[in-house]
Structures are given as structure tokens and as C-alpha cells.
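1. I need the structure of the sequence given here:
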Amino acid sequence: MENLIVKDHSRLGRNRLVVGQLLEEKFDRLGVRYIAIMDNIDTAKGISDIVPMQDLFNEWHAKNTSQKVRNVFRNKGMSGIPLTTNSPFGYCKDPDSPKAWMIDEPAAEIVRQIFTWCVSGLGPTQIAKRLKAAQVPTPTEYWNRIGRKCTHPPERPCNWCSATVADILDRQEYCGDTVNFRSTTKSFKNKKKVERPREDWRIFENTHPAIIDRETFALVQDLRQHRRRPTKTGFVSMFSGLLYCANCGAKLYYGSTNNYKREGAFFFCSAYRKDTDLCSAHYIREKVVSEMVLEDMRRVFT
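-> Reported below is the predicted structural model:
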């Protein structure tokens, strides 16, 4: 028989359901003798009826402590102090004021380039490919190089992914604002991260130097709402993300024919692709849309 000895019963855990299952089922099945010295608990002598009450009080203590910590963080966040442990890529902590951020110019230049490429029409995947081809270090690699150890170095260097680029493009902090309460956890038992709706965020403007001007950031957010994904040919249409189905109102997806020629590119209903009962099968050629737009432009400008 194996022995498990703790000083205090609360050291085993503060989740009454888990602790109760361990004491009444798993320890007995695995042949484990459990002893809590300060609480005079020994499973070899049987479990007292008071033990479940102790588990309940231990859980209440964890719950109250969690609530106090949440209140401290809330007060801190409402005062405009950043709640993030580390500053975003492109910033570093000011040595004269640890709570303030200053621009880390080498990293900030990469951030500016990412936004410039996005404004030119490239999506996160295309930007990630360019960064990888140029052997630009990822944020994790860069932080490790400057001595800010955050995780193990990646196996493949400069291996940018679209999610990292998208996260950079979505961060309002690059405008010089502090954004608190982006996310939370479900409870003191479940630490899974939960994203908050934007209306619950707390934004404090002009709290640190800006890397991206507000006009560029707003333009990028607008472009991101109308994402343009390339087809297998690599082509991206200027109308991608801007066209909607006249029948059901869903977005029109951009596609190409089997020969992958640009003149055969077309737009089709996204709702019909997902569920044939939502709409009918129809499409419109890209060149037809171009001709219609050009005709309207001529009519307006003449």
C-alpha cells in the first residue's frame, strides 16, 4: 500500500467534488492510504462525517480569495494601469516607470511593416509568408534574443503564422491606448480563458507612445472586416468581401474554374455553399462585375 501524507487537508485540494471522489473512490481503488496530520484524517481508520464539511469550507476559502483577487484586478484595470504582465510586441517596459511602456524600435518597425502590407491588400497568411521568407524573427524569438525569456525557442525559426499576424493587426494598443478586460476566466475552478464582448472592454486613450496612427488602424480594421482570401491560383479580387447575394443577403465567395484562369473567376453565394436549402445555385463572373462597376463610374463621372 502506498502512503500519501500532507500537513493540512486543504493541501490535497480545495475542490470539494474532486477531493471527495479521491477520498471515497480513487484512493481506495488504488490502495492509497491518505493522512492529513493537522486535521487528524487517516483513511485507514475510516473517513469522518465531518470531512465533507471541511472540504466545503476549504472551497469557500478558495472562492473568497479568488473574488478578492478579481476585485483588486478590477480596481487596477479601472484606474488605467495595464493588466497585461508583458507589454505587446513592439513595446518594452520603461525602466524609470515599470508600469509605463516605451517603443522598442526594432520590433516596432516590424509592426509598422505588417500594417503597411495589410493596407496594401495582403491578408495575415500572405503577410506571414513574407515575414518567414525574409527571415524576420517571431515575437517569441525576438523576446528571447533581448533577454525576455517567455517560452522555449521554436523548433523552426522565423516560422510566422497567420494567427500571430492577425493578433498584431487587432491590437488597439498600437494606437497608444491601454485596453483592459479583454478576457476573463469562467470561475476560480475553471481557468479557461473567455473573450469578453467589445462593449465590456475598458479603453484609456493616449497612455503611451503610438506606433500606428489611428487612421491607419481604423483602415486596417475596416479591411479586416472584408477579408480577401486568395484562390488556389493566388489571385485576390478587388471585390472580395464587398459583394452580397441579392436573394439571401449572404456574402459572395470568390472562386475559380478548374483551369485556374483569371478570366474564369467568379463569385457565388456562401449560404448556398454551406446549406443548399438556404439559397439557390447561382454565380456571377468577376469580369461582369468589373464591367458593371466601370459602367457606373463612367456614368457618374461624365
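2. Okay, now the unreliable bits of the stretch 101-250 of the chain?
-> 150-151, 226-235 (pLDDT under 70).
3. For the longest helix that the chain contains, buried residues please.
-> Counting by DSSP state H, the longest helix found in the chain is helix 51-78. Applying a neighbour-count criterion of 16 or more other Cβ atoms under 10 Å, one finds 51, 54-55, 58-59, 62, 77 buried in helix 51-78. For every residue, glycine as well, the C-beta is placed using N, CA and C.
4. Now tabulate these in JSON lines and tack on distance to residue 212 and pLDDT.
-> Shown next, in JSON lines, are the buried residues of helix 51-78 (distance: Cβ to Cβ, whole Å; pLDDT from 0 to 100):
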{"residue": "51", "distance to residue 212": "58", "pLDDT": "91"}
{"residue": "54", "distance to residue 212": "55", "pLDDT": "91"}
{"residue": "55", "distance to residue 212": "52", "pLDDT": "91"}
{"residue": "58", "distance to residue 212": "48", "pLDDT": "91"}
{"residue": "59", "distance to residue 212": "46", "pLDDT": "92"}
{"residue": "62", "distance to residue 212": "42", "pLDDT": "90"}
{"residue": "77", "distance to residue 212": "23", "pLDDT": "88"}
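5. just these now: which is nearest residue 165?
-> The closest of the buried residues of helix 51-78 to residue 165 turns out to be residue 77 (Cβ to Cβ; 26.9 Å).
6. got the contact list for the closest residue to that closest one other than its chain neighbours?
-> Closest residue to residue 77 apart from its sequence neighbours, by Cβ to Cβ, 6 or more residues apart in numbering: residue 180 at 3.8 Å. By Cβ atoms under 8 Å, 6 or more residues apart in numbering, residue 180 lies in contact with 77-78, 80, 82-83, 201-204.
7. which of those tops the neighbour count?
-> residue 82 (22 neighbours; other Cβ atoms under 10 Å).
8. how near is that one to residue 111?
-> Going from residue 82 to residue 111 by Cβ to Cβ, to the nearest Å gives 17 Å.
9. Show the residue spans covered by the helices in the stretch 1-150 of the chain.
-> Counting by DSSP state H, counting those that start in this stretch, the stretch 1-150 of the chain has helices at residues 16-21, 27-30, 51-78, 105-119, 124-133, 139-145.
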